[in-house]
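Q: Give me the fold of what follows.
(one chain, ligands or ions: 1)
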Amino acid sequence: MLHFYTKATLNTYINTREGETKFGEKVDTLSSQENLIQQLKRSDAKYVLFGIPEDIGVLANRGKAGATTAWKAALTSLLNTQDNAFNKGKRMLVLGHLDFSELLETAKSLDRNAVDYYEQLGKLVEVIDEEVTYLLYQITKAKKIPIIIGGGHNNAYGNIKGTALGKSKAINVVNFDAHTDFRNLEGRHSGNGFSYAFKQGFLDKYFMFGLHENYTSKKILKTIELHSERIQFNTFEGIKIRQEQGFYFQLNSALTFINNRPFGVEIDCDAIENVPSSAMTPSGFSANKARTFASFFGKQKNAAYLHLCEAAPNPDDANEMYRIGKLLSYLITDFIRK
Ligand SMILES: N=CN[C@@H](CCC(=O)O)C(=O)O
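A: Residues are numbered from 1 along each chain as shown. You can find the predicted model right below:
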């Protein structure tokens, strides 16, 4: 269910300062969620931001829980950035978050030793898929660009399907990620959002940027090879360790591959060094490289959405919440900056 935010909701997050205007003071909000598409159409904002605080897809992928916390961290930081000539809050509407608290409770209450534990989690992920798809559909139909803060990478599926339905055609995707998330169609989880979207015809071309060679199975590499006209990738090791490929050259190659139609921009925070996530890594792209990626693709006419996922800051660690919130907020503002 969509939990929409009013101006009053946002005000609880903003620390105002005399003589300054914060980004959050300028963003647009809705006054109700009736006729969402019509209301969104009436807004002057180009981007629509919302959160998906859930980690059921990560659990279903046998990962480490925690991705529910990124949304609050990101929102707090973003609303408190400066509104100025570089950053214009009025270009964004903050919608709210998809509330999956009941599903999260259900997931918690499942018996981990039951033979069908993962199957049951997969069914819960399908419920999330439906809601994410419908919201993406509505925002896309209103001709706005969604910015989604996850949550697990399972939500790529709903992003792709909803955008494709909203545009009445399959879309492409570029994914900044250590993993393909092209695992078997074995029940929904955070590791197969792209394979499901591909199989069902919502995803046309898929570019994976910066895969980690240690974490891509032989089987998946074979599948990618089979579909080489529609699926391509480069690796983190090729770019940053062996330095065979330049970062900027690779950004342009990825763009050339996907730019023939609207494309989604996915950033899995487990590709960024030392960001708390299910698959946290001590070796990965820097925060600044991720920012360059967000900025580069955000400027493209065909960019259809931005999804930042898998960050899992510890809610009891104020410094970590602050640091990750700030990182997500940089990525959002880089993406929307002209
Ligand atoms: N979205 C993440 N997908 C990774 C998860 C890795 C992990 O959690 O350890 C994958 O399935 O490979």
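Q: tell me which residues in stretch 193-210 are buried?
A: 193-198, 202-210 (16 or more other CB atoms under 10 Å). The way it works is simple: take the backbone N, C-alpha and C, and place the C-beta from them, glycine included.
Q: Would you check which pair of those residues lies furthest apart?
A: Taking CB to CB as the measure, the buried residues of stretch 193-210 span a maximum distance of 23.4 Å, between F202 and G210.
Q: mind checking the SS state of D316?
A: coil (DSSP: H, G, I helix; E, B strand; the rest coil).
Q: For it, which residues are in contact?
A: By CB atoms under 8 Å, 6 or more residues apart in numbering, the contact set of D316 is empty.
Q: What count of nearby residues applies to the nearest residue in space to I239 that is not next to it in sequence?
A: Leaving aside its chain neighbours, I239 sits nearest to Q245 (5.1 Å; criterion: CB to CB, 6 or more residues apart in numbering). By other CB atoms under 10 Å, the residues close to Q245 number 15.
Q: could you say which helix or strand contains Q245?
A: Assigned by DSSP states H and E, Q245 belongs to no helix or strand.
Q: give me the element whichever residue of the chain sits closest to the ligand is part of.
A: Residue nearest to the ligand within the chain: G191 (2.6 Å; CB to the nearest ligand atom). Using DSSP H and E, G191 falls within no helix or strand.
Q: now, which of the buried residues of stretch 193-210 lie within strands?
A: Within these, residues falling in strands by DSSP state E are 203-210.
Q: Pick out whichever of the residues you listed sits closest to G162.
A: Among these, and counting by CB to CB, the member closest to G162 is L203, at 12.2 Å.
Q: That closest one reaches A197, doesn't it?
A: Yes. In this structure, L203 is within contact of A197 by CB atoms under 8 Å, at 3.9 Å.
Q: Please enumerate the shared neighbours of these two.
A: Common neighbours of L203 and A197 (CB under 8 Å, 6+ apart) are I160.
Q: so where's the longest helix in this structure?
A: helix 117-141 (DSSP state H).
Q: Toward the C-terminus from that one, list the very next helix or strand.
A: Next helix or strand after helix 117-141 toward the C-terminus (DSSP H and E): strand 145-149.
Q: Quick check: residues of the stretch 201-338 of the chain near the ligand?
A: Applying CB under 6 Å from any ligand atom, we find that the stretch 201-338 of the chain lies next to the ligand at 268, 278-279, 310.
Q: Which ones among those residues lie within strands?
A: Judged by DSSP E, those include D268 as members of strands.
Q: got the residue ranges for the helices in the stretch 51-200 of the chain?
A: With DSSP state H, counting those that start in this stretch, the ranges of helices along the stretch 51-200 of the chain come out as 56-60, 70-79, 101-109, 117-141, 156-167, 193-199.
Q: Report the angle between the longest one and strand 145-149.
A: Between helix 117-141 and strand 145-149, the angle comes out at 150 degrees (axes from the mean of the first three to the mean of the last three CA atoms, to 10 degrees).
Q: Mind listing what's buried along helix 117-141?
A: 118, 120-122, 124-125, 128-129, 131-141.
Q: Same question for stretch 165-172.
A: For stretch 165-172, using 16+ other CB under 10 Å, the buried residues are 165-167, 170-172.
Q: ok, now stretch 78-86?
A: Those would be 78-81, 83, for stretch 78-86 by 16+ other CB under 10 Å.
Q: Could you dump these into TSV with distance to the ligand and pLDDT added?
A: Below are these laid out as TSV (distance: CB to the nearest ligand atom, whole Å; pLDDT from 0 to 100):
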residue	distance to the ligand	pLDDT
L78	23	98
L79	27	98
N80	29	98
T81	28	98
D83	34	98
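Q: between the residues you listed, which is closest to T180?
A: Closest approach to T180 among the buried residues of stretch 78-86 (CB to CB): L78, at 29.3 Å.
Q: Not counting sequence-adjacent ones, nearest residue to that closest one?
A: Closest to L78 by CB to CB, 6+ apart is S329, at 4.2 Å.
Q: Let me see the contact set for the one you found.
A: Shown in contact with S329 (CB under 8 Å, 6+ apart): 74, 77-78, 81.
Q: okay, now the nearest residue to M208 once chain neighbours are set aside: neighbour count?
A: Closest residue to M208 apart from its sequence neighbours, by CB to CB, 6+ apart: F233 at 3.9 Å. By other CB under 10 Å, 21 other residues sit near F233.
Q: F233: what secondary structure?
A: strand.
Q: For the residue nearest to F209 when sequence neighbours are not counted, give the beta-bridge partners.
A: Closest residue to F209 apart from its sequence neighbours, by CB to CB, 6+ apart: F176 at 4.8 Å. Taking DSSP bridges as the rule, F176 bridges to F209, I267.
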